[in-house]
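S.K.: Dropping the sequence and predicted coords here.
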Amino acid sequence: MAKAQAEVGRWRRFFGWFGRHKVTAVFAVLFVGLGMYLLVSAAVLQLQIHAERSRYEKADQQLNQLSAKLASTHPYLLRPYHYCSYTSNGAVFATRFLGCEVGFHEAYIDIPEQNAQVATDEIKDMIKAESVPLRDSPGGYDKYDLAVYGFDLQEISCVFSSTYYSSIVPLQERYKYAPRSGNALYIDIGCSGPAKAEYFPVVND
């Protein structure tokens, strides 16, 4: 019985103190609540980062496997890439956004346009063989594009573009990593999207 009375007395003292120090008590509760919120938010963010990092790394591995298969066709250039970069919205007090990209560039030189179209179709079939559905993009993005397809890997948006340059196309109209002259087929297969952390080396905007 004495123990029960002590328990009651303790709670009475607590609520009595609470009643006498309402402002302090309210701030204490808010402080504790804020601390708990920040701890939970940090834990959730780390889980999201872990899952997102895994998606980018798996997409990078899948594209590396595809590039290894294409290497057997002896391209002039086969250049893998994976990086992150920051971009802003252009405002005076710009908000910087982080994004990451994984993929590879591939190019063939001294190739007739008919053969370039055949090679494009073969690469398309290789991607489909990985049970990856392709979405058509009629007209492409560039006047020299043979085909542009969209697809998804690990919930990340990806693009497969095939571009053919005849020998008369000047240097300034060719993509940065495309052959500088001659009849050339340029392939770019990559995935990109927003990121919560820097999963790969960061390059300039």
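M.R.: In hand now; what should we look at?

S.K.: Could you use CA atoms for every contact and neighbour count after this?
M.R.: Noted.

S.K.: quick one: the strands in this protein?
M.R.: 77-88, 96-109, 135-136, 145-153, 156-165, 184-194, 202-203 (DSSP state E).

S.K.: in the first one, what counts as buried?
M.R.: I take that to be strand 77-88. By neighbour count on 16 or more other Cα atoms under 10 Å, the buried set for strand 77-88 is 77-78, 80, 82-86.

S.K.: Averaged pLDDT, that strand. What do you get?
M.R.: Averaged over strand 77-88, pLDDT sits at 89.

S.K.: Give the other helices and strands that it contacts.
M.R.: Applying 3 or more Cα pairs under 8 Å, 6 or more residues apart in numbering; DSSP states H and E, one finds that strand 77-88 contacts helix 22-71, strand 96-109, strand 202-203.

S.K.: go with 7 Å
M.R.: Applying 3 or more Cα pairs under 7 Å, 6 or more residues apart in numbering; DSSP states H and E, we find strand 77-88 packed against strand 96-109, strand 202-203.

S.K.: out of these, nearest to Tyr56?
M.R.: Taking Cα to Cα, strand 96-109 is the member of these nearest to Tyr56, at 7.6 Å.

S.K.: Quick one: mean pLDDT for that closest one?
M.R.: If you average the pLDDT over strand 96-109, you get 92.

S.K.: cool, and stretch 178-186?
M.R.: 93.

S.K.: Check what contacts it and list those residues.
M.R.: Applying Cα atoms under 7 Å, 6 or more residues apart in numbering, the contact partners of stretch 178-186 are 106-112, 116, 162-167, 171.

S.K.: Just the buried subset of the residues you listed, please.
M.R.: Of the contacts of stretch 178-186, these count as buried by 16+ other Cα under 10 Å: 106-109, 111, 116, 162-166.

S.K.: Out of the contacts of stretch 178-186, which is nearest to Ala51?
M.R.: The closest of the contacts of stretch 178-186 to Ala51 turns out to be Glu106 (Cα to Cα; 29.4 Å).

S.K.: Could you pull up the residues touching that closest one?
M.R.: Taking Cα under 7 Å, 6+ apart, one finds 75, 77-79, 186-188 in contact with Glu106.

S.K.: Report the two of the buried ones among the contacts of stretch 178-186 separated the most.
M.R.: It's Glu106 and Ser166 that sit farthest apart of these, by Cα to Cα, at 16.4 Å.
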